[in-house]
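Student: Attaching a predicted model along with its sequence, questions to come.
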Amino acid sequence: MASGNGTTSGLLGHQLHVGPAFSWASIGLAVFTAILQGLVAALAYMTESSSQWTFRFRLARAEHVWWIFVSVMLFASLVMSAIAFAAGRGGDPVSVLALSSATFLAVVQYAVPAWQQRHYVETRWLAWTGESRTAIQRRHLPLCGDGAAWARSMRLHRQGLGRLQNTPTDYYGWTFWRDSGHAYDPTDLFRVLTPEHLSGEEEKGNNGGIGVFASADPTSHTVSFLWGSRQGFRRRASRAVSSMPLDLLRARTLTVDGYDGRGLALAMGILGRNKGLEPWKLVFRTDHGVLSMMENSSTWAPRPAKVLRSIYKHVMHTQYHGLGDAFVSAAVELAILMADIPNWALDQWLRLGLEQQSLETSNFLDRDVLATCNEDERIQALDCHYQSSYAAMIISINAMTPPDKAGNASSSSSIGRPDLICTVLLMKARGLTEPTWWSSPEVRCRFSEDFGILSPLVDWKTATDRLLGLNEWPESFDNSPPLWEAL
């Protein structure tokens, strides 16, 4: 009997000891979690209110991990509080009820939505921080070299760059390790350049031109420059984000009318980076028949987001009407496609840079094809290449070969843009005669390769020729080799 009483006393003593320990541990863990949660929430609010969107988008990519961590911490605190209450010392039903409510709220209102939005947040990062197309003065061409050339120029002008007023959007934020990418925008460097430095680069024979699109007008003072990771610049949100409605920049994106705005947010990120020098000249001709054709003959048919067309058109017209009806039509179609396509396919399309006019095709035309042509043929080809670039972009994603979710190289290698096809179709639509370069084996080979990057299961030809002003697809283009016949 004495032994039994001793055992009971020992258990009671152990409970009395364990109860306060778990109670204090629960309180400490809850307070620590609340402090961290408050800091992160304050950081998110401050980055949004100060327009530091590059930093905000970076934070958003980790929010699902953060909210899962918070939920686990609160659940651990709840378990400790419940143990303390069951032990009879140090716990009380109010604290257990409060922690259970906080844990449930964190899971249902924050952790689950953040987890569901994680793929969209990553796609938004890619859509807003990819390579950007900027107008630069032709005299700056010698500076447009590779990553090492840009790093050298920035070291030489470190003091001048340090005196510039930082653009809030470009602020990259904190990192756990040093980012090796260039911290400044190339246009920042152009603002502090000295004439002596420019002449020095020219004397070295540095012609530059890496990332520069061929210009149809060799006498123009400006050229179009594509910059980003290929020259060693780190990712940052396009400065076009400063003109965006704030409701479209949040992870739970809604229009003012309460409609899903994710397609708009992704499309605006792309359109802020890829317009080129003369976006009002881009060709994208649509009517009800063409739109219906693209919706029904698509890799992503039946395209359920098509019901948002009138909503998206209102937003895009308000945002871009100054660039013309063709640009607005292309913007609406891009936004609807962004809403229709799964994130894993969009991510691969964006990582390949297919939202941009093909720089490789531009260089191929300028250096390999048009070098021996007369000036008229050169201007016609380069103009048509640029002005058909949005049609090529839309067709490339509407009729893309569905990539592997794992992003295998064998799958992604079949994804591309039909830039040369669209260039030639626009030339045909304008009634131009057969150019001297059309018979080139290299041109015909590349023209045939463009057919292989689009899905053979989709009738993309009819939609493409209609977008560019033709009434029907030239059957002679299906010959081997393709022939140029008068319409």
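Tutor: Sure, I can see it.
Student: which residues are contacting the helix or strand hosting Cys384?
Tutor: Assigned by DSSP states H and E, Cys384 belongs to helix 375-387. Helix 375-387 has contacts (C-beta atoms under 8 Å, 6 or more residues apart in numbering) with 213-217, 276-278, 281-283, 357, 361-362, 365-366, 369-370, 373, 419, 423-424, 426-427, 430, 432, 435-437. From N, CA and C alone the C-beta is placed, and that goes for glycine too.
Student: hey, which helix or strand in the chain has the poorest pLDDT?
Tutor: helix 409-412 (a mean of 45; mean pLDDT, DSSP states H and E).
Student: need the next SSE after the helix holding Cys384, C-terminal direction.
Tutor: Following helix 375-387 in sequence, per DSSP H and E, is helix 389-398.
Student: other SSEs contacting that following helix?
Tutor: helix 325-340, helix 419-429, helix 461-467 (3 or more C-beta pairs under 8 Å, 6 or more residues apart in numbering; DSSP states H and E).
Student: Turn the ones you listed into CSV, including mean neighbour count, mean pLDDT and distance to Arg239.
Tutor: Listed next are those as CSV, based on neighbours: other C-beta atoms under 10 Å; pLDDT from 0 to 100; distance: least, C-beta to C-beta, whole Å:
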stretch, mean neighbour count, mean pLDDT, distance to Arg239
helix 325-340, 24, 97, 18
helix 419-429, 26, 96, 26
helix 461-467, 24, 94, 29
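Student: And the ones you listed: which comes nearest Arg139?
Tutor: helix 419-429 (28.4 Å; C-beta to C-beta).
Student: Which positions within whichever helix or strand comes after that closest one qualify as buried?
Tutor: Next in sequence after helix 419-429, counting helices and strands by DSSP H and E, comes helix 441-452. Buried positions in helix 441-452, judged by neighbour count with 16 or more other C-beta atoms under 10 Å: Val443, Arg444, Arg446, Phe447, Asp450.
Student: what sits against Ile395?
Tutor: Shown in contact with Ile395 (C-beta under 8 Å, 6+ apart): Arg417, Pro418, Cys422, Leu454, Trp460, Ala463, Thr464, Leu467.
Student: Now with 6 Å, please.
Tutor: Pro418, Trp460, Thr464 (C-beta atoms under 6 Å, 6 or more residues apart in numbering).
Student: Out of these, which comes closest to Lys313?
Tutor: Nearest member of the contacts of Ile395 to Lys313, counting by C-beta to C-beta, is Thr464, at 21.7 Å.
Student: and that closest one, what is it in contact with?
Tutor: Taking C-beta under 6 Å, 6+ apart, one finds Ile395 in contact with Thr464.
Student: what does the one 5 residues further on give?
Tutor: Remark: with contacts taken as C-beta under 6 Å, 6+ apart, Gly469 is in contact with Arg285, Ala429.
Student: let's number from 41 now, not from 1
Tutor: Fine by me, first position is 41 from now on; the one you just mentioned is Gly509.
Student: Tell me the pLDDT of it.
Tutor: According to the prediction, Gly509 has pLDDT 94.
Student: what about the strands in this structure?
Tutor: 172-177, 262-267 (DSSP state E).
Student: from those strands, which stretch is densest packed?
Tutor: strand 262-267 (a mean of 21; mean count of other C-beta atoms under 10 Å).
Student: Let me see the domain layout of the protein.
Tutor: 42-169, 172-271, 314-340+381-518 (automatic domain parsing).
Student: before we move on, the earlier item: got the angle between the helix holding Cys424 and helix 429-438?
Tutor: Helix 415-427 and helix 429-438 meet at an angle of 50 degrees, taking axes from the mean of the first three to the mean of the last three C-alpha atoms, to 10 degrees as the criterion.
Student: so how far is helix 415-427 from its chain's centroid?
Tutor: 28 Å (C-alpha atoms, centre = their mean, to the nearest Å).
Student: mind exporting that helix as PDB, just the C-alpha atoms?
Tutor: Output of helix 415-427 as PDB, limited to C-alpha atoms (Å, rounded to 0.1, in the frame of the first residue of the first chain):
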ATOM      1  CA  GLU A 415      18.100  48.400 -99.200                       C
ATOM      2  CA  ASP A 416      14.400  48.000-100.000                       C
ATOM      3  CA  GLU A 417      14.400  44.300 -99.400                       C
ATOM      4  CA  ARG A 418      16.300  44.800 -96.200                       C
ATOM      5  CA  ILE A 419      13.800  47.300 -94.900                       C
ATOM      6  CA  GLN A 420      10.800  45.200 -95.900                       C
ATOM      7  CA  ALA A 421      12.100  42.000 -94.300                       C
ATOM      8  CA  LEU A 422      13.100  43.700 -91.000                       C
ATOM      9  CA  ASP A 423       9.900  45.700 -90.800                       C
ATOM     10  CA  CYS A 424       7.800  42.700 -91.300                       C
ATOM     11  CA  HIS A 425       9.800  40.700 -88.800                       C
ATOM     12  CA  TYR A 426       9.100  43.200 -86.100                       C
ATOM     13  CA  GLN A 427       5.600  44.100 -87.000                       C
END
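Student: buried ones in that helix?
Tutor: For helix 415-427, burial by neighbour count (16+ other C-beta under 10 Å) applies to Glu417, Arg418, Ile419, Gln420, Ala421, Leu422, Asp423, Cys424, His425, Tyr426, Gln427.
Student: Make a markdown table from the buried residues of helix 481-492 and add distance to Ala431 to it.
Tutor: Formatted as a markdown table, the buried residues of helix 481-492 follow (distance: C-beta to C-beta, whole Å):
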| residue | distance to Ala431 |
| --- | --- |
| Val483 | 19 |
| Arg484 | 21 |
| Arg486 | 18 |
| Phe487 | 16 |
| Asp490 | 13 |
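Student: Kindly indicate which of the residues you listed lies nearest Ala188.
Tutor: Arg486 (30.3 Å).
Student: how about the closest one, what does it touch?
Tutor: Going by C-beta under 6 Å, 6+ apart, the list of residues near Arg486 reads Leu460.
Student: Would you check how far apart Ser454 and Val483 are?
Tutor: 21 Å (C-beta to C-beta, to the nearest Å).
Student: pLDDT weak spots in the stretch 91-240 of the chain?
Tutor: 127-132, 234-240 (pLDDT under 70).
Student: all helices of it, in order?
Tutor: 93-100, 103-127, 133-145, 152-169, 187-196, 198-202, 226-232, 235-243 (DSSP state H, counting those that start in this stretch).
Student: Could you say which of these is packed most deeply?
Tutor: helix 93-100 (a mean of 23).
Student: Show me where the stretch 341-490 of the chain dips below the pLDDT cut-off.
Tutor: For the stretch 341-490 of the chain (pLDDT under 70), the answer is 444-453.
Student: go again using 80 as the cut-off
Tutor: Residues of the stretch 341-490 of the chain that meet the criterion pLDDT under 80 lie in 443-454.
Student: what comes into contact with stretch 64-74?
Tutor: Against stretch 64-74 from outside (C-beta under 6 Å, 6+ apart): Val110, Met113, Leu114, Ser117, Met120, Ser121.
Student: Identify each buried residue in that stretch, please.
Tutor: Per 16+ other C-beta under 10 Å, stretch 64-74 contains these buried residues: Ala65, Ser66, Ile67, Leu69, Ala70, Thr73.
Student: Show me the residues you listed that map onto helices.
Tutor: Ala65, Ser66, Ile67, Leu69, Ala70, Thr73 (DSSP state H).
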